[in-house]
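J.: model this:
(one chain, ligands or ions: 1)
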Amino acid sequence: MTTVLEVTNLDVYRGESHVLQGVSLSVPSGGVTALLGRNGVGKTTTLLGVLGLATRTGRISLDGVDISTMPTHRIVQHGVGYVPENREVFSRLTVAENLRLAERRDSDHHYDLVFELFPRLAERRSQRAGSMSGGEQQMLALARALLNDNTLLLIDEPSQGLAPHLVTELAESLVEIAKSRTIVLVEQNLDLVRRLAEHAVVLDQGRVAWTGSAAELLADADLTRAHLGVGVAT
Ligand SMILES: Nc1ncnc2c1ncn2[C@@H]1O[C@H](COP(=O)(O)OP(=O)(O)OP(=O)(O)O)[C@@H](O)[C@H]1O
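T.: The predicted structure follows:
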């Protein structure tokens, strides 16, 4: 199995806090790797560290290229898409304007793929993003990352705040996206993780506490309770 992302001994700082301490993890090519853990253990910080959006030390290798000292824009040019936790769409701009702003100059722009996957965005091209539902805004956030030639997508809590039927719709979209992209998914909704993820990395207090098959983790109530602090229906 090829490895897309290899993180070795990553330390990341947020302000004065030394949040990640010696994190090492591998993300295999294709499909979904879930990054899990209780609140505040450093999941978002890991994504920010990979993207160079927080002060970090350690080695980060993307498709065999060392990106650990690169600025964020160069990392993005290497094919990393980021879908942040709060979507961060430009609410006063239309769907079309949000997408146009996301176009990278060094990339093809896959509007066909985006509108095939999210026909509702095509219908609402002229609508201001801020007037769309949370689910539609999430689609737009995913669409921005899909638009360019990204091979790796870092997606942070996409189901947050969505009604159950929208989470189902989101899951279907992510299944489709994972057919052509590698996804690192931070997600609290374990049903969604169970449906999507092959691999899991669990963090605890800024360190890796468990790595392995997502199905194995979620099938083991003791393991899940110990690492995630919740029981799961098996
Ligand atoms: N700007 C900041 N300055 C200092 N500490 C921060 C900052 N942002 C986050 N932290 C701290 O870093 C730690 C990790 O935060 P992070 O957001 O990575 O956790 P998380 O696992 O993604 O949590 P959640 O599931 O709640 O989103 C937390 O203890 C948090 O309080």
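
J.: and the helix or strand bottoming out on mean pLDDT in the chain, what does it pack onto?
T.: In the chain, no helix or strand scores lower on mean pLDDT, DSSP states H and E than helix 221-228, which sits at a mean of 87. The criterion is 3 or more Cβ pairs under 8 Å, 6 or more residues apart in numbering; DSSP states H and E, and the helices and strands that helix 221-228 contacts are strand 199-204, strand 207-213, helix 214-219. Yep, even glycine has a C-beta here, placed from its N, CA and C like the rest.

J.: Return the most buried member of these.
T.: Per residue and on average, the most neighbours among these fall to strand 199-204, with a mean of 23 (mean count of other Cβ atoms under 10 Å).

J.: before we move on, back to that, return the alpha-carbon coordinates of the least confident helix or strand of the chain using CSV.
T.: Taking C-alpha atoms only, helix 221-228 is exported to CSV below (Å, rounded to 0.1, in the frame of the first residue of the first chain):
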residue,chain,number,x,y,z
ALA,A,221,-16.7,-1.2,22.9
ASP,A,222,-13.9,-1.2,25.5
LEU,A,223,-11.4,0.3,23.1
THR,A,224,-13.8,2.9,21.9
ARG,A,225,-14.8,3.9,25.4
ALA,A,226,-11.2,4.0,26.5
HIS,A,227,-10.0,6.2,23.6
LEU,A,228,-13.1,8.2,22.6
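
J.: could you list every residue that touches Gly37?
T.: 43, 202-204, 209, 227-228 (Cβ atoms under 8 Å, 6 or more residues apart in numbering).

J.: Name the residues of the least confident helix or strand of the chain that are buried.
T.: Applying a neighbour-count criterion of 16 or more other Cβ atoms under 10 Å, one finds 223-224, 227-228 buried in helix 221-228.

J.: mind putting the helices and strands packed on helix 221-228 in TSV, mean pLDDT and distance to the ligand included?
T.: TSV is the format used below for those (pLDDT from 0 to 100; distance: least, Cβ to the nearest ligand atom, whole Å):
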stretch	mean pLDDT	distance to the ligand
strand 199-204	96	7
strand 207-213	95	12
helix 214-219	94	16
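
J.: wait, which of the ones you listed is closest to Ile183?
T.: When the helices and strands packed on helix 221-228 are compared by Cβ to Cβ, strand 199-204 sits nearest Ile183, at 10.5 Å.

J.: which outside residues touch the closest one?
T.: Taking Cβ under 8 Å, 6+ apart as the rule, strand 199-204 contacts 23, 25, 27-28, 31-38, 41-43, 46, 193, 208-214, 217-218, 227-228.

J.: thinking again about what came up before, quick check: of the buried residues of helix 221-228, which lies closest to the ligand?
T.: When the buried residues of helix 221-228 are compared for distance to the ligand (Cβ to the nearest ligand atom), Leu228 wins out at 10.7 Å.

J.: Output the below-cut-off pLDDT ranges for this structure.
T.: Within the chain, the stretches with pLDDT under 70 are 230-234.

J.: how about 50 then?
T.: Scanning the chain for pLDDT under 50 picks out 234.

J.: and it, which residues reach the ligand?
T.: 14-15, 17, 19, 37, 39-45 (Cβ under 6 Å from any ligand atom).

J.: Turn those into JSON lines, columns for secondary structure.
T.: Converted to JSON lines, those look like this (DSSP: H, G, I helix; E, B strand; the rest coil):
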{"residue": "Arg14", "secondary structure": "strand"}
{"residue": "Gly15", "secondary structure": "coil"}
{"residue": "Ser17", "secondary structure": "strand"}
{"residue": "Val19", "secondary structure": "strand"}
{"residue": "Gly37", "secondary structure": "coil"}
{"residue": "Asn39", "secondary structure": "coil"}
{"residue": "Gly40", "secondary structure": "coil"}
{"residue": "Val41", "secondary structure": "coil"}
{"residue": "Gly42", "secondary structure": "coil"}
{"residue": "Lys43", "secondary structure": "helix"}
{"residue": "Thr44", "secondary structure": "helix"}
{"residue": "Thr45", "secondary structure": "helix"}
